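Trainee: Next come a sequence and a model predicted from it.
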Protein chains: 2
Amino acid sequence: MAEPIEFKQVGEGNLRAQVYQQVRLTIQRGELAPGQKLVDVDIAAQLGISRMPVRDALMQLVHEGYLVGTTRGFTLPTLTATDIANIFEVRRLLEPRAAAHAARTLDAAGLKTLAASLQEAEAAAVAGDAARFFQANSAFRNCWLGAVENDRLSQTIARFADHVLVVRLKTLSHQPTQAVILAGMRAIYEAFVKRDAVAAYDRMTHFIQNAEERFMKLSPPSQQFDDEAVSIPRQGKS
Amino acid sequence: MAEPIEFKQVGEGNLRAQVYQQVRLTIQRGELAPGQKLVDVDIAAQLGISRMPVRDALMQLVHEGYLVGTTRGFTLPTLTATDIANIFEVRRLLEPRAAAHAARTLDAAGLKTLAASLQEAEAAAVAGDAARFFQANSAFRNCWLGAVENDRLSQTIARFADHVLVVRLKTLSHQPTQAVILAGMRAIYEAFVKRDAVAAYDRMTHFIQNAEERFMKLSPPSQQFDDEAVSIPRQGKS
DNA sequence: CAAATCAAAACAGTATACATTATAGACTTA
DNA sequence: TAAGTCTATAATGTATACTGTTTTGATTTG
């Protein structure tokens, strides 16, 4: 307890949006221990603002699946094997198509960013820096997703991808997994460079399947009790 | 304005959840004029509660895409042709798969409910009652979606389907459109009865394509000012 | 009569205070 | 010593009040 998570101020938009961004980034960077609880009044005190904007932001994150709201603070969700399988099923349906779109619409600047993210991921893998690898991975994904012109498609993908990555951040330190992911990123990047929508579709399909296999293999077969029994509890006590 | 939208109390869970359900049902039933604005303080006064739960509920609906928050109250979003095309693209990717799942998992009670909803839709079409037709349509969809074991998949579908239906409710009064939708429902229902996942997949694919065509045909080519969006024929792939 | 400026109202954002509830920990008892 | 109950507390849920901003409408002026 008494965790100094250190949210810092960012000056953009209303307070709720600022807090939302800060907390989301904190979650996405894996700077949140699995059992740790976020309490609105604590964060509010830390930022020198009132509870309400913080509460709004936390509830939005709950609604988006980044957090679960209990009667005793907000915490990270614990995904069961079934949850992960469900998320990957949706990703399998959406991401190949989105990648095909991106192959058409990515411009030179986007490809440059992708190349940089890819190199960064490779460097991080060599250095064994899981957090950096994770960051580069996210940058890569956000870049090509940003080129997808269907906003609803890209945003849905981003959310689901976040859910599985955020909770399983630790598994990304696994060396073979990093290698598999890197190979997938390279293959997809090459398809983007060639503007080959079909190849992008196929390689993304393959990438998702590989990623799911790695995740399922690394996740304990029984996270708590038997999976399937209890999914993410919807927000608190609605 | 003094709009008599008449939200009524429902006794379940906390106030925010109650208000959320009420407003969402009101929207889904099309009981909200396109330009009408929802003001938290008004609804709160109507329900005899404070602003905060109402505000929470409205903001959640905004996050889910059911409403848009302006500087002057919350209103229904106005979807452009591009928006509709985007939503249908996601639905095309998700719903056939979900229907295949449902074909496996629907039980006798579910099939009974589907049959009842189908009959209700047919009766409503004959009677020319668009609202009733719409209700039956929603019941049919919610029933088979409820049998899909992947919650994230079914919830994502429900949201996107709501978005397009809610805003275009009026187009459902169009007679040929009703006929097309009815035929699709019958075909899908038969696939469910036969527990034929492949047929369910194919017929849902066909159904979505037909529905999109009808929607695009009936939506005025220029919803308001014609911006760049309307002239885009269809978001073709490569 | 039309246009521009100013004032008032409406509504979201934020803050603070109060009520409610569930969990943790202590205390009692077998 | 272990199990069950009870109380205190921590954290959310709800209410009310205040502030800032934007829109609307009215009034004045050209």
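Mentor: Looks like it arrived, so ask away. Numbering: from 1, shown residues only, chains lettered A, B, ... in the order given.
Trainee: Help me confirm that residue A:70 is found in a helix?
Mentor: No: counting by DSSP: H, G, I helix; E, B strand; the rest coil, residue A:70 is not found in a helix; it is strand.
Trainee: Tell me how far it lies from residue B:138.
Mentor: 32 Å (Cβ to Cβ, to the nearest Å). In this view, the C-beta of every residue, glycine as well, is placed from N, C-alpha and C.
Trainee: Mind telling me what element the residue nearest the centre of chain A is part of?
Mentor: In chain A, the centroid-proximal residue (Cα atoms, centre = their mean) is residue A:162; its distance is 1.9 Å. Element membership of residue A:162 [criterion: DSSP states H and E] is helix A:151-167.
Trainee: Let me see the contact set for the residue nearest to the centre of chain A.
Mentor: When the contact criterion is Cβ atoms under 8 Å, 6 or more residues apart in numbering or on different chains, the partners of residue A:162 are A:28, A:66.
Trainee: Quick check: closest non-adjacent residue to residue A:205.
Mentor: residue A:96 (4.6 Å; Cβ to Cβ, 6 or more residues apart in numbering or on different chains).
Trainee: The one you found - how many residues pack around it?
Mentor: 20 (other Cβ atoms under 10 Å in any protein chain shown).
Trainee: Scan chain A for its longest helix.
Mentor: The residue-count maximum for a helix in chain A (DSSP state H) belongs to helix A:81-105.
Trainee: Next secondary structure element downstream of that one?
Mentor: Once the chain leaves helix A:81-105, the next helix or strand it forms, by DSSP H and E, is helix A:108-127.
Trainee: Tell me which residues are up against the strand or helix carrying residue A:180.
Mentor: In this assignment (DSSP H and E), residue A:180 forms part of helix A:175-193. Defining contact as Cβ under 8 Å, 6+ apart, one finds that helix A:175-193 is touched by A:99, A:102-103, A:106, A:111, A:114-115, A:118, A:121-122, A:125, A:128, A:130, A:133, A:137, A:140, A:144, A:171-172, A:199-200, A:203-204, A:206-207, A:210-211, A:214, A:218.
Trainee: I'd like to know which of the residues you listed are buried.
Mentor: A:99, A:102-103, A:106, A:111, A:114, A:118, A:121-122, A:125, A:130, A:133, A:137, A:140, A:144, A:171-172, A:199-200, A:203-204, A:207, A:211, A:214 (16 or more other Cβ atoms under 10 Å in any protein chain shown).
Trainee: Same list, those, but only the ones touching chain B.
Mentor: For chain B, the contacts drawn from the buried ones among the contacts of helix A:175-193 by Cβ under 8 Å from any Cβ of the partner chain are residue A:103.
Trainee: Around DNA strand C, which positions in chain A sit nearby?
Mentor: By the rule Cβ under 7 Å from any atom of the strand, the part of chain A lying against DNA strand C is A:14-16, A:49-53, A:56, A:70-72, A:237.
Trainee: for chain A, what are the low-confidence residue spans?
Mentor: A:1-11, A:219-238 (pLDDT under 70).
Trainee: Report the contact partners of the closest residue to residue A:58 other than its chain neighbours.
Mentor: In space, and not counting its chain neighbours, residue A:58 is closest to residue A:74: 5.1 Å by Cβ to Cβ, 6+ apart. Counting by Cβ under 8 Å, 6+ apart, residue A:74 touches A:37-40, A:58, A:61-62, A:67-68.
Trainee: rerun at 6 Å
Mentor: Neighbouring residues of residue A:74 by Cβ atoms under 6 Å, 6 or more residues apart in numbering or on different chains: A:38, A:58, A:67.
Trainee: count of residues packed around the residue lying closest to residue A:66 once chain neighbours are set aside?
Mentor: Spatial nearest neighbour of residue A:66, excluding adjacent residues (Cβ to Cβ, 6+ apart): residue A:27 at 5.5 Å. Applying other Cβ under 10 Å, we find 19 residues neighbouring residue A:27.
Trainee: so which strand or helix has residue A:27?
Mentor: Applying DSSP H and E as the criterion places residue A:27 in helix A:15-28.
Trainee: Pull out the buried positions in the longest helix of chain A.
Mentor: Result for helix A:81-105 [16+ other Cβ under 10 Å]: buried residues A:81-104.
Trainee: So which other helices or strands are in contact with it?
Mentor: helix A:130-147, helix A:151-167, helix A:197-218, helix B:81-105, helix B:151-167 (3 or more Cβ pairs under 6 Å, 6 or more residues apart in numbering or on different chains; DSSP states H and E).
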